[in-house]
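> fold the following for me, if possible:
(2 chains, ligands or ions: 2)
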Amino acid sequence: MNDKVSVTNERRLTIARAMAEAIAQEMRVDERVFVMGEDIGTLGGVFGNTRGLVEEFGKLRVRDTPISETGFIGAAVGAASDGMRPVVELMFVDFFGVCMDAIYNLMAKNTYFSGGSVKVPLVLMTSTGGGYSDAGQHSQCLYGTFAHLPGMKVVSPSNAYDAKGMMTAAIRDENPVIFMYHKGLQGMGWLGTEPGATVNVPEESYEVPFGKAAVVREGTDVTIVGLAMGVHNALKAADLLAKKGVSAEVVDLRTLVPLDRDTVFNSVKKTGRLIVVDEDYHSFGVSGEIIASVCERDVSVLKAAPRRVAYPDVPIPFSRPMEQFCLPNPDKIVAAFDSIAGA
Amino acid sequence: MQPNREQRLWMYEHMLVSRYFEETIEKIYLEGKTPAFNMANGPIPGEMHLSNGQEPCAVGVCAHLNAGDIVTSTHRPHHVAIAKGVDLDRMAAEIFGKKTGLSGGRGGHMHIFDPAVNFSCSGIIAQGMAPAVGAALSRKMSNREGVAVAFLGEGAANQGAFHESLNLAAVWELPVVFVIEDNSWGISVPKADATAVPRNDVRAAAYGMPGVYVTDNDPFAIFDAAGEAIARARAGGGPTLIEIETWRLAGHFMGDAEGYRPKGEKDALFAKDPIPRMRERLIAAGDLTAGDDAALAAKARARVDTAIAFARESDYPAAEEALERVFA
Ligand SMILES: Cc1ncc(C[n+]2csc(CCOP(=O)(O)OP(=O)(O)O)c2C)c(N)n1
Ligand SMILES: [Mg+2]
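Ligands and ions are numbered 1, 2, ... in the order given. I've put the predicted structure just below:
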């Protein structure tokens, strides 16, 4: 038994494969679970996260849709309320513009409007992030946009272990969950990938509960908070800071709704400094929310003004020098620390 | 309506320019992306949707347009842009992300804007349609000449925007023509699995406008159908929906392994590549000698080479320029 576990634990998966595995495992035990979206069947998803599903479960449960997001996401809401558990893909989060009503006026509000008598157990998985010159209609994160709107859970894993456990938890959840996966972490060769996202993943099914941030590196001088790709930038910055004798703690939020404000606060209480890394737009978003949640509870835990390393408030440009200039990176995080180090 | 000799040669020449352009882009796109293919690398990063095989749609329609007419296109825009007369140097520079590009490198290949010839495109499926309707409305309201043409893929005909745009154009009798390039694939999904009717032209009936289906990727038949539709629009006769059978000779985008294509499909399509077919047809009709053809091909190549050289030699924008031009 022990042998078996240790062998299992050596298995490393990409986020793409971890997501597909979680969906497959839930489909095996729950007939209500089905998948739909564009190119999720034969192709296995543009980002690989449904690979192998149509081969195992067939076209009735793994449905390639027309390019009709309003139609099939709205249909998922109806199917979910009628007893099914759809896992639906919006290929790029940027496409939410053509189907947002189904998402935020139906999916996110039906439970409330019905006084809790109608459930919408739906997983909407969608890709986020840039860095590979796909320009402003294919590179956004928009985490804050979704988290801002009440009635849906919003999660975004930084690694394959969390991706599998969070997908399992999402499918089992009685509520709508937006599962946002970052393209640069997906493990698709053609996109280039952050190696730190491909980690050991147990074969057996498990859940990573929502609302629990992870302290992925302990430190005493500054708290760096991020999610998805931001976590990897934060970890690299922590390495750079360590060389300068600075001990950085890194918090992976994992889920935005629900948000684990306690873990963030307790970390900042310990370190006295806060930097938030966010590939989403700077203003009115996740970074502001994290900072506010610390300040609101007890501003005196901060030894210095909080800092954010976020995407400037401009559409994402195509050209490499401009895009790279805008993206958060470890050097910017180190510079942010330097600006508050004296305090 | 049949093209005269001058129009036939114009169409052929623009097909050649378009194909050479795509073939050149294809080669350069792969620079820096071998042995490991990573979209982020090389002189042309990001997604790249080539139009090889679809040239007849662009030239057959744009042969009837002038610079003042409006065209909106899609994520697969190069052939249409070339036929509409978009500045090729600055378009190439945009695709390379250079400062001299049409948008200074902000847009890239899916976001080509050339207001001088009223061309634009968008990477969101079907979202070019309503802006074409709006431009037609603008011309009608301000009594200015001009028609608008919205290009889209057959996959886009299942979007809400398609149906809303058709209805709006029809109910307001606007001078707009919708041109569906039916290459029978939306990425990996065949038309038959995604569309409730075999041909989208029948959907025109639902909006009280004429609908035409053009088979066989035939530039002259496209010219004919588009000519009639555009003339009707110019004369105040309202919108038309045209669907064209065409062929995607490339992958959906570069790097697409196309495992979903049935065996032999691509060979069959290459066997009827519209460019050699057009050449043979023009030669048979006496429009073109082998010598003329070589000269036209050389001219097309030179045009493309000039544009590519301009793009290569241009500077990248300064990184900080990313922060400019958000507002007018
Ligand atoms: C609203 C929206 N949904 C999905 C996509 C992703 N996507 C890009 S191209 C494409 C297929 C388009 O097919 P079609 O309209 O037939 O054009 P083609 O690629 O064949 O030229 C899809 C689904 C998108 N860009 N926008
Ligand atoms: Mg198509």
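
> so what's the residue of the stretch 51-200 of chain A found nearest ligand 2 up against?
The nearest approach of the stretch 51-200 of chain A to ligand 2 comes at A:I67, 9.3 Å away (Cβ to the ion). C-beta coordinates here come from the backbone N, C-alpha and C atoms, glycine included. Counting by Cβ atoms under 8 Å, 6 or more residues apart in numbering or on different chains, A:I67 makes contact with A:38, B:125-126, B:155-156, B:158-159, B:186, B:194.

> list the ones among the residues you listed that fall in helices.
B:A194 (DSSP state H).

> for stretch B:254-273, buried residues please.
Residues B:254-256, B:260-261, B:266, B:269, B:273 are the ones in stretch B:254-273 that count as buried (16 or more other Cβ atoms under 10 Å in any protein chain shown).

> how far away is the closest residue to B:G238 other than its chain neighbours from B:A194?
Leaving aside its sequence neighbours, B:G238 sits nearest to B:E173 (Cβ to Cβ, 6 or more residues apart in numbering or on different chains; 4.2 Å). Computed as Cβ to Cβ, to the nearest Å, the B:E173 to B:A194 distance reads 30 Å.

> so for those two, which residue has more residues nearby?
B:A194 (19 against 16; other Cβ atoms under 10 Å in any protein chain shown).

> if we can go back for a sec, so the residue of the stretch 51-200 of chain A closest to ligand 2 belongs to a strand, correct?
No - counting by DSSP: H, G, I helix; E, B strand; the rest coil, A:I67 is located in no strand; its state is coil.

> picking up where we left off before, as CSV, the buried residues of stretch B:254-273 with secondary structure would be great.
Converted to CSV, the buried residues of stretch B:254-273 look like this (three-state DSSP):
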residue, secondary structure
B:M254, coil
B:G255, coil
B:D256, coil
B:Y260, coil
B:R261, coil
B:K266, helix
B:L269, helix
B:D273, coil
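
> ok, and which of those reach chain A?
Filtering the buried residues of stretch B:254-273 for proximity to chain A (criterion: Cβ under 8 Å from any Cβ of the partner chain) leaves B:255, B:260.

> wait, which of the buried residues of stretch B:254-273 is closest to ligand 1?
Distances from ligand 1 to those, taken as Cβ to the nearest ligand atom, are shortest for B:D256 (10.4 Å).

> and the closest one, what's its pLDDT?
The model reports B:D256 with a pLDDT of 95.

> I'd like to know how far it sits from A:L256.
From B:D256 to A:L256 the distance is 33 Å (Cβ to Cβ).

> now do B:N143
Relative to A:L256, and taking Cβ to Cβ, B:N143 is found at 52 Å.

> who has more neighbours out of those two?
Legend: neighbour count by other Cβ under 10 Å for B:N143 and A:L256, higher for A:L256 (26 against 6).

> helix or strand: which one has that one?
For A:L256, the host element (DSSP states H and E) is strand A:255-257.

> for that strand, packing partners?
helix A:143-148, strand A:153-155 (3 or more Cβ pairs under 8 Å, 6 or more residues apart in numbering or on different chains; DSSP states H and E).

> strands of the stretch 1-150 of chain B, start to end?
Assigned by DSSP state E, counting those that start in this stretch, the strands in the stretch 1-150 of chain B fall at B:70-73, B:119-121, B:148-153.

> OK, contacts around the closest residue to B:Q54 other than its chain neighbours?
Distances taken as Cβ to Cβ, 6+ apart put B:T246 closest to B:Q54, at 4.8 Å, once the chain neighbours are dropped. Residues near B:T246 by Cβ under 8 Å, 6+ apart: B:53-54, B:56-57, B:181-183, B:217.

> return only those of those found close to ligand 1.
B:N183 (Cβ under 6 Å from any ligand atom).

> now do the contacts for the residue of chain B found nearest ligand 2.
As assessed by Cβ to the ion, ligand 2 sits closest to B:G153 within chain B, at 3.7 Å. The neighbourhood of B:G153, defined by Cβ under 8 Å, 6+ apart, consists of B:74, B:76, B:125, B:180-183, B:186.

> appreciated, that's everything.
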